[in-house]
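A.B. asks: Just to be clear, the model below is a prediction. Sequence and coordinates:
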Amino acid sequence: MNKKKKLIVITGPTGIGKTAISLQINEAYNTSIISADSRQIYKELSIGTAKPTHEEIASGNIKIVDFLSVTKDYNAGQFEKDAMSIITEDHHLSDVSIVCGGTGLYIKALTEGLDQFPDIPIEQVAQLETELSETGIESLQNRLKEKDPEQYANMDIDNPHRLIRALSIIDYTGQAYSSFLGHVKVGRPFEIINIVIDTEREIIYKRIEKRVDQMIEAGLIDEVKSMMVYRNLNALNTVGYKEVFAYLDGDYTLDICIAEIKKNTRRYAKRQLTWLRKHNLGQRFLPSNIDKIKKYIDQRLLA
């Protein structure tokens, strides 16, 4: 009986070094690295998303990255379809494919399938969009925290699209958004090897602060300035961009802008770690343990 093909999933909090690790792992397999990052898909956003360089994308055969305009919509369902197509193609030529990223919903869509939700009337969504524009994102965040604390703790609450999606379902059905989750587990024609890159919280925070400083030095302010015309799009209402818009508007000094980016990125990393703990994905490794990671994968591939 033939062994199942394998999908290596490398995940962890932002700033932990997932891309560098996946590139080292792929030296042995020369397969695709599928990026599971909901912000690195956009062609216009590079510095603020810590996107792999063009050289890394080409040499590492990184897919689902740097391909879409910020004016276009993309979601977990589309990611699942695109990623499955790439994996199927990979597995015709190789026993292995790799997924690397920190967007939990994308990883869940690929490994487990997406949960089913009721259709929500457009008017329900429009009402929440009006509330967002009139009262701000904090009002929606507080409402989600009150109505569905479990979902509040496990989602990106700074993403207005996801906030509106969750609240529209809560308001329409009268049930918690989280009550619709976890019911679907699809079968996949491959075995999943989950790798979580993790370390002490303080080390993660220091890495984040260093990376934000590097982003500023690399020209983040100019990158965001070039996006002013798109600032109201969902793609731009995200950490690293919204704070710079506030600086360009004169609401923040540069020092406060940088401090806010660091603070909000730390909050995002904390939510990612909460999601990973809840879903109990895979074997944990320090970012420096590349040899141990390779050995673990080799053992799993032989199983």
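C.D. replies: Great, that's in hand. Numbers count the residues shown, from 1 in each chain.
A.B. asks: For the residue positioned nearest the centre of the chain, list the residues it contacts.
C.D. replies: The centroid of the chain falls nearest to residue 103 when counting by Cα atoms, centre = their mean (2.2 Å). By Cβ atoms under 8 Å, 6 or more residues apart in numbering, the contact list for residue 103 reads 36-38. In this view, the C-beta of every residue, glycine as well, is placed from N, C-alpha and C.
A.B. asks: With residue 284 instead?
C.D. replies: Taking Cβ under 8 Å, 6+ apart, one finds 196-198 in contact with residue 284.
A.B. asks: Repeat that for residue 260.
C.D. replies: Contacts of residue 260 (Cβ under 8 Å, 6+ apart): 243, 246, 252.
A.B. asks: quick revisit: identify the residue spatially nearest to the residue nearest to the centre of the chain, adjacent ones excluded.
C.D. replies: Nearest-residue entry for residue 103: residue 38, 4.4 Å, with adjacent residues in sequence omitted and distances by Cβ to Cβ, 6 or more residues apart in numbering.
A.B. asks: cool, residue 154 as well?
C.D. replies: Counting by Cβ to Cβ, 6+ apart, residue 154 lies nearest to residue 275, which is 5.4 Å off, once chain neighbours are set aside.
A.B. asks: now swap in residue 84 and tell me
C.D. replies: Setting aside the residues directly before and after it, residue 84 is nearest to residue 110 in space (Cβ to Cβ, 6+ apart), at 7.1 Å.
A.B. asks: Make sure that neighbour is actually in contact with residue 81.
C.D. replies: No. Judged on Cβ atoms under 8 Å, residue 110 makes no contact with residue 81 at a distance of 9.8 Å.
A.B. asks: Name the residue in these two with the higher neighbour count.
C.D. replies: residue 110 (26 against 11; other Cβ atoms under 10 Å).
A.B. asks: Low-confidence regions, the protein specifically.
C.D. replies: Low-confidence segments of the chain (pLDDT under 70): 1-2, 182-184, 280.
A.B. asks: circling back: could the contacts of residue 284 go into TSV alongside secondary structure?
C.D. replies: As requested, these are exported to TSV (DSSP: H, G, I helix; E, B strand; the rest coil):
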residue	secondary structure
196	strand
197	strand
198	coil
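A.B. asks: Can you list the buried residues in the helix or strand hosting residue 264?
C.D. replies: Using DSSP states H and E, residue 264 falls within helix 254-279. For helix 254-279, a neighbour-count test (16 or more other Cβ atoms under 10 Å) marks 257-258, 260-266, 268-269, 271-273, 275-276, 279 as buried.
A.B. asks: show me where this structure has helices.
C.D. replies: Counting by DSSP state H, the chain has helices at residues 18-26, 54-59, 76-93, 104-112, 122-135, 137-147, 149-154, 160-173, 201-218, 220-225, 242-248, 254-279, 290-302.
A.B. asks: Kindly reformat those helices as JSON lines containing distance to residue 4.
C.D. replies: Putting the helices of the chain into JSON lines (distance: least, Cβ to Cβ, whole Å) gives the following:
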{"stretch": "helix 18-26", "distance to residue 4": "19"}
{"stretch": "helix 54-59", "distance to residue 4": "28"}
{"stretch": "helix 76-93", "distance to residue 4": "10"}
{"stretch": "helix 104-112", "distance to residue 4": "14"}
{"stretch": "helix 122-135", "distance to residue 4": "41"}
{"stretch": "helix 137-147", "distance to residue 4": "39"}
{"stretch": "helix 149-154", "distance to residue 4": "30"}
{"stretch": "helix 160-173", "distance to residue 4": "33"}
{"stretch": "helix 201-218", "distance to residue 4": "33"}
{"stretch": "helix 220-225", "distance to residue 4": "43"}
{"stretch": "helix 242-248", "distance to residue 4": "43"}
{"stretch": "helix 254-279", "distance to residue 4": "21"}
{"stretch": "helix 290-302", "distance to residue 4": "10"}
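A.B. asks: which stretch among these comes nearest residue 187?
C.D. replies: Smallest distance to residue 187 across those (Cβ to Cβ): 10.0 Å, for helix 104-112.
A.B. asks: tell me what that closest one is packed against?
C.D. replies: On a contact count with 3 or more Cβ pairs under 8 Å, 6 or more residues apart in numbering; DSSP states H and E, helix 104-112 meets strand 5-11, helix 76-93, helix 254-279.
A.B. asks: Next, the angle from the longest one to helix 104-112.
C.D. replies: Relative orientation of helix 254-279 versus helix 104-112 (axes from the mean of the first three to the mean of the last three Cα atoms, to 10 degrees): 30 degrees.
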